[in-house]
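Visitor: Here is the input, now give the coordinates:
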Amino acid sequence: MKKYLKFHPINKEYRFKFSVLKTMTYGGVLWGLYNPMHKGWAIKAEDEINIFPFWISSAQANKYAKLHWPSYSARKISPQDFRESLLPTLKRFNVVPTLFSHKGRRFQFSPHQMYHFFFHPSVLDVREA
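Guide: Numbering: from 1, shown residues only. Predicted coordinates for the structure are as follows:
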């Protein structure tokens, strides 16, 4: 006789996180908001913390910029930009990388997690294969 396990449905938060991670695995490109005049990425103060907003879609990033930061535009976050510019800044100023979704949901990472999930050499090798 077969035994069946009873699985409990996962809650909405974990379902959202899984969906985000799955989408990023397939897409492989992240977008932040950049101001060419100031030569810097957007960092937002919110609830007594500083966050670095990023998106998996340039369209979503541009839409957010038009509404909230008109002097910024979407820019692809290259591995080199992340390693040389963003990662040291995020760590030095305790900035929390935050993925913004098209539905207004947000998913926060530590700088180390952002590096590990998106810019670690083993992740980049898989994307290029």
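Visitor: all contacts plus neighbour counts: C-alpha atoms, from now on.
Guide: Will do.
Visitor: can you map out the strands along the protein?
Guide: Under the criterion DSSP state E, the chain contains strands at 31-35, 40-41, 44-46, 49-55, 73-76, 95-100, 106-108.
Visitor: quick one: low-confidence ranges for this structure?
Guide: 1-10, 14-28, 122-129 (pLDDT under 70).
Visitor: gap between the residue nearest the centre of it and Met37?
Guide: Within the chain, one residue has its C-alpha closest to the average C-alpha position: by CA atoms, centre = their mean, that is Leu99, at 3.7 Å. Noted for Leu99: a distance of 24 Å to Met37, by CA to CA, to the nearest Å.
Visitor: go on, Arg106?
Guide: Remark: distance between Arg106 and Met37 (CA to CA) = 28 Å.
Visitor: between those two, which one's more packed in?
Guide: More crowded of Arg106 and Met37, by other CA atoms under 10 Å: Arg106, with 16 against 8.
Visitor: Spatially nearest residue to the more buried one (excluding sequence neighbours)?
Guide: Beyond its immediate neighbours in the sequence, the residue positioned closest to Arg106 (CA to CA, 6 or more residues apart in numbering) is Phe100, lying 4.7 Å away.
Visitor: The one you found contacts Phe52, doesn't it?
Guide: No: with contacts counted by CA atoms under 8 Å, Phe100 stays clear of Phe52, the gap being 9.8 Å.
Visitor: Phe32 is in contact with Phe54, isn't it?
Guide: Not quite, residue 32 is Gly, not Phe. Yes: when contacts are counted by CA under 8 Å, Gly32 is listed as touching Phe54 (4.5 Å).
Visitor: overlap in contacts of these two?
Guide: Residues touching both Gly32 and Phe54 by CA atoms under 8 Å, 6 or more residues apart in numbering: Ala61.
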